[in-house]
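Chemist: Whatever this is, show me its structure:
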Amino acid sequence: MKGLKNELGQTLVVVALCMTVLLGFAALSVDVGLLFKAKRDMQVAADAAAAAGALDYKYNNSTISAQAAAKVAAASNGVTSANVVINAPPHYGPYVGKTGFIEAIVTDPAPTFFMKMFHINTVNVKARAVAGSGVIDACIWALSRSGTDVSLTGSGSITAQNCAIYDDSNASNAMSLTGSGSISAKAIGIVGGYSVTGSGHILPNPPTTGIGPAADPLNLSPPSIPTGTCSLSDCDPKNTGSGNKTLDPGTYNSISNTGSGTLTLNPGNYIINGDLKNTGSGKLILGAGNYTISGDFKSTGSSSLTLGSGLYTIGGDLALTGSGSMTGTAVTFYTQGSNTLTGSGNLNLTAPTSGAYSGVLIYQPSGDTHAMSITGSGGDKIQGILYAPTSPLTLTGSGSLNVSLDIIVDTIKVTGSGSITDTNYAVITNPNSVLSKLVMVE
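Modeler: Predicted coordinates for the structure are as follows:
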């Protein structure tokens, strides 16, 4: 009986039992750790797919193209197409049905090791991501690092009620207001300081000073510029009388409309190795297409101008200053000279909403310092992005001028007695513009 009370070896039994449990937990922790890693890998694949799809949709405006790009991105992260669902627009969450947002759902079976003892050979790991165009908080950037970047003189005003103004100058008068007018925005950030002379005011009051300089929000690539030699029977067509004339696409040395008649350029691509001028009292109608103008493009006098959709590459000056109506829908001007737009008649210019220059109305390349001037009146409609990061802009209003512009220039000077109200183009008018940020929202 005494031997039955011998307690030697009990510890070994307890340790053996505990080791079984501990090894089980260790095995479980290994599998769980591997599943967490698989989850991270799936999330990377989902993020990449959503971002690639959203970026593709932004530039191609095609659901099919976006879905294909998203699946390629997922595959490059080790997930086969069969395990990827791309929804454009999203089917779940707060962005359901929102155009421009891409939802990527990635599901992949991850193998287990120790769980196989419990007949669990794989565990489905799922990840989801949504990407699309986010909000740009500014609509006016003045990028010069010295001197007065933003100035207003007179009794007029400029209002950016839905967005911010960034002033990159470190000068004490980086923003200057002289007279009885006003500069107001949702927010104003200035690297240096500001000055107010007269009865005018700046809102918010005071603006935020001492900020770090804002970076150029765009990085556009210039277009390729085609060349050609005229081999037509008339390389310098002119419409000088009261009659009408029609031209077909091709290469010309110059084209002019100086009479009271109508000159029509049929849709297509044109190369003009000199000037394109509309200086009479007639009409110039340009069909949809791409126009490469080595010299000046001018529409002056009482003539009217109709611009077909397309890219207008201008090596000289752009001067649309006529008193007649000037309209253009889905147009982009790439200019290498000065730009002058005057809306004393009816100025109606809007940028394209798709393609490589979606949203860009005027593009003056970095390093180009030619001046830009826009004078508008109450009936004008101007929508798009003015991108001239090293050029000065003068903006003049008469009456009440409402525009939808994102302005990225070296300096901006506001003159006149009218009120200029600017809304955030990239957010309100064209969320798919090149200025819209691509963000991961889920």
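
Chemist: Excluding chain neighbours, what is closest to G212?
Modeler: Counting by C-beta to C-beta, 6 or more residues apart in numbering, G212 lies nearest to V191, which is 7.1 Å off, once chain neighbours are set aside. All C-beta spots, glycine's among them, are computed from the backbone N, C-alpha and C.

Chemist: My error: substitute T63 in the last question.
Modeler: A88 is the one closest to T63 (C-beta to C-beta, 6+ apart), at 4.6 Å.

Chemist: Repeat that for G198.
Modeler: In space, G198 is closest to G179, 4.8 Å off (C-beta to C-beta, 6+ apart).

Chemist: so that neighbour touches G200, yeah?
Modeler: Yes - using C-beta atoms under 8 Å, G179 makes contact with G200 at a distance of 5.6 Å.

Chemist: residues shared between the contacts of the two?
Modeler: Common neighbours of G179 and G200, using C-beta atoms under 8 Å, 6 or more residues apart in numbering, are L152.

Chemist: one step back: what pLDDT does the residue nearest to T63 get?
Modeler: Looking at A88, its pLDDT reads 85.

Chemist: Assess the claim that it and A104 are in contact.
Modeler: No - at 9.7 Å, A88 does not count as touching A104 under the criterion of C-beta under 8 Å.

Chemist: Looking only at neighbour counts, state which of these two leads.
Modeler: A104 (32 against 24; other C-beta atoms under 10 Å).

Chemist: Let's verify that one: helix, strand, or coil?
Modeler: strand (DSSP: H, G, I helix; E, B strand; the rest coil).

Chemist: For it, give me its contacts.
Modeler: 45-47, 49-50, 53, 70, 74, 84-87, 128-131.

Chemist: Tell me, please, where in the stretch 251-400 of the chain the pLDDT is lower than the cut-off.
Modeler: Low-confidence regions of the stretch 251-400 of the chain, defined by pLDDT under 70, span residues 344-345.

Chemist: domains in the chain, as residue ranges please.
Modeler: What automatic domain parsing lists as the domains of the chain is 11-133, 138-427.

Chemist: Of those domains, which is nearest S436?
Modeler: domain 11-133 (3.8 Å; C-beta to C-beta).

Chemist: Quick one: the helices in this structure, in order.
Modeler: 10-60, 63-76 (DSSP state H).

Chemist: rank those by mean pLDDT and give me the bottom one.
Modeler: It's helix 10-60: among those, that one has the lowest mean pLDDT, namely a mean of 69.

Chemist: got a list of what the residue nearest to G198 touches?
Modeler: L152, T153, G154, S155, T197, G198, S199, G200.

Chemist: same question, G147
Modeler: Under the criterion of C-beta under 8 Å, 6+ apart, the neighbours of G147 are S169, A171, A174, T411.

Chemist: Just name the closest of these to L395, please.
Modeler: Looking across the contacts of G147 and measuring by C-beta to C-beta, the closest to L395 is T411, at 11.0 Å.

Chemist: contacting residues around the closest residue in space to the closest one that isn't next to it in sequence?
Modeler: Leaving aside its chain neighbours, T411 sits nearest to P392 (4.7 Å; criterion: C-beta to C-beta, 6+ apart). Listed by C-beta under 8 Å, 6+ apart, the contact set of P392 reads T369, A371, M372, V409, D410, T411, I412, K413.

Chemist: separation between the first one and S176?
Modeler: As judged by C-beta to C-beta, to the nearest Å, T369 and S176 stand 21 Å apart.

Chemist: Just the buried ones from the contacts of P392?
Modeler: A371, M372, V409, D410, T411, I412, K413 (16 or more other C-beta atoms under 10 Å).

Chemist: Would you mind putting the residues you listed into JSON lines with distance to T340 alongside?
Modeler: Converted to JSON lines, those look like this (distance: C-beta to C-beta, whole Å):
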{"residue": "A371", "distance to T340": "8"}
{"residue": "M372", "distance to T340": "8"}
{"residue": "V409", "distance to T340": "15"}
{"residue": "D410", "distance to T340": "17"}
{"residue": "T411", "distance to T340": "17"}
{"residue": "I412", "distance to T340": "16"}
{"residue": "K413", "distance to T340": "14"}
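
Chemist: Would you report which members of these are assigned to strands?
Modeler: Among the buried ones among the contacts of P392, the members found in strands (DSSP state E) are M372, V409, D410, T411, I412, K413.

Chemist: Could you pull up the residues touching the first one?
Modeler: Taking C-beta under 8 Å, 6+ apart, we find M372 in contact with S338, N339, T340, I362, Q364, L386, A388, S391, P392, L393, T394, V409.

Chemist: next one: the last one
Modeler: By C-beta under 8 Å, 6+ apart, the contact set of K413 is S151, L152, T153, P392, L393, T394, L395.

Chemist: Now with 10 Å, please.
Modeler: Residues counted as contacts of K413 (C-beta atoms under 10 Å, 6 or more residues apart in numbering) are 142, 148-153, 176, 371, 373, 392-396.

Chemist: From the structure, what's the count of residues near P226?
Modeler: P226, neighbours per other C-beta under 10 Å, totals 12.

Chemist: gap between it and A51?
Modeler: For P226 relative to A51 (C-beta to C-beta), the value is 33 Å.

Chemist: Ok, Y57 next?
Modeler: 11 Å.

Chemist: Look at the two and report which has more neighbours.
Modeler: Neighbours per residue (other C-beta under 10 Å) separate Y57 from A51, with Y57 holding more: 28 against 21.

Chemist: ok, so what distance separates the closest residue to the more buried one other than its chain neighbours from V72?
Modeler: Nearest residue to Y57 in three dimensions, chain neighbours excluded: A66, at 3.8 Å (C-beta to C-beta, 6+ apart). Distance check for A66 against V72: by C-beta to C-beta, it reads 11 Å.
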